Structure formats: C-alpha cells, structure tokens
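K.L.:
test case, fold it:
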Amino acid sequence: MTENPPARRTPPPPLEPAMPDCSVCGEITDFYDEAYRCDSCGAAWRPEDAYRDQGRWCDPDTTQCPSEIRPWPNDSRPAVRDAAFRCLHTEGHKGMHIDPYGVAYEWTDDDIARKDGAA
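P.N.:
Below you'll find the predicted structure:
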C-alpha cells in the first residue's frame, strides 16, 4: 500500500453571500437586473440603498390592496386607537394581508370583521 506524501490543505471555496429577506413578505430575495428582488411580492432594492432607503415596486402601476386594519380599536388613547395600516400587496392578491411596519403584520378579512365587532 502506497502512502500519499504530506500536502498543504486545499483552500476553502469562496463564500456564497446570503440574500436578504424581503422586508414586505419575509421571503428570500434573489439578485438580478442589478437589484435584490422578491418574486413573491414584486418589491426590489438597489444594493447600494437596500439597507438604508425604501425599495420600489417592480411594476409601479399596479393598484395597492385596499384592505386596512386598525389593530387597537378599543385603546383609550386616540392616536393608538385610530392607527390604521394598509396592506402592501397588490389589489386582488391571495393569502394574508401585511402591513409595512410589522405591527399587525398579517391579517385576513375575517380578522377585520372581528375587530370591527361584526363577527
């Protein structure tokens, strides 16, 4: 049996940077056309601005979902009670509604009815 002579270790392969999560829906973004893009919700960010400025919509002409939630309708403080958050998705989307700040984060139309006392 022949033994191999001692050798220097082969260098490790390059790192593969992780793509950031979408700040709208939480899905992992992809990088193409010179931007981080979320195919799930249609948002995009230029790499030089991604961590300090707002992104943009890949199709800016789509209509925003009209669903709005008031998470704290029974709070005694008017500023809190009247706070409302509009869904960031496009009109007619499927699934949960989401707000831009992660306050109410996800809701359904049934949740709105319960908060309004209709259920």
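K.L.:
ok, now which ones touch the residue nearest the centre of the chain?
P.N.:
When CA atoms, centre = their mean is applied to the chain, the residue found nearest the centroid is residue 24 (2.0 Å). Residues near residue 24 by CB atoms under 8 Å, 6 or more residues apart in numbering: 38, 41, 43, 88, 98, 100. All C-beta atoms are positioned from the backbone trio N, CA, C, and that covers glycine.
K.L.:
so which of the residues you listed sit within strands?
P.N.:
Per DSSP state E, strands hold the following members of the contacts of residue 24: 38, 43, 98.
K.L.:
neighbour count and pLDDT for those - can I get that in CSV?
P.N.:
Formatted as CSV, the ones in strands among the contacts of residue 24 follow (neighbours: other CB atoms under 10 Å; pLDDT from 0 to 100):
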residue, neighbour count, pLDDT
38, 23, 91
43, 22, 91
98, 23, 84
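K.L.:
ok, which stretches of this structure are strands?
P.N.:
30-32, 35-38, 43-45, 56-57, 68-69, 85-86, 97-98, 106-107.
K.L.:
against which helices or strands is the last one packed?
P.N.:
With contacts defined as 3 or more CB pairs under 8 Å, 6 or more residues apart in numbering; DSSP states H and E, the packing partners of strand 106-107 are strand 97-98.
K.L.:
and residue 60, how many neighbours?
P.N.:
Close neighbours of residue 60, defined as other CB atoms under 10 Å, add up to 7.
K.L.:
cool, and residue 68?
P.N.:
By the measure other CB under 10 Å, the count of residues near residue 68 is 14.
K.L.:
any idea how far it is from residue 34?
P.N.:
Distance of residue 68 to residue 34, given as CB to CB, to the nearest Å: 34 Å.
K.L.:
hmm, back to that, which one of the strands of the chain lies nearest to residue 5?
P.N.:
strand 30-32 (42.9 Å; CB to CB).
K.L.:
quick one: list the elements packing against that closest one.
P.N.:
strand 35-38.
K.L.:
direction included, what does the strand it packs on pair up with?
P.N.:
Sheet pairing of strand 35-38 (DSSP bridges) gives strand 30-32 (antiparallel), strand 43-45 (antiparallel).
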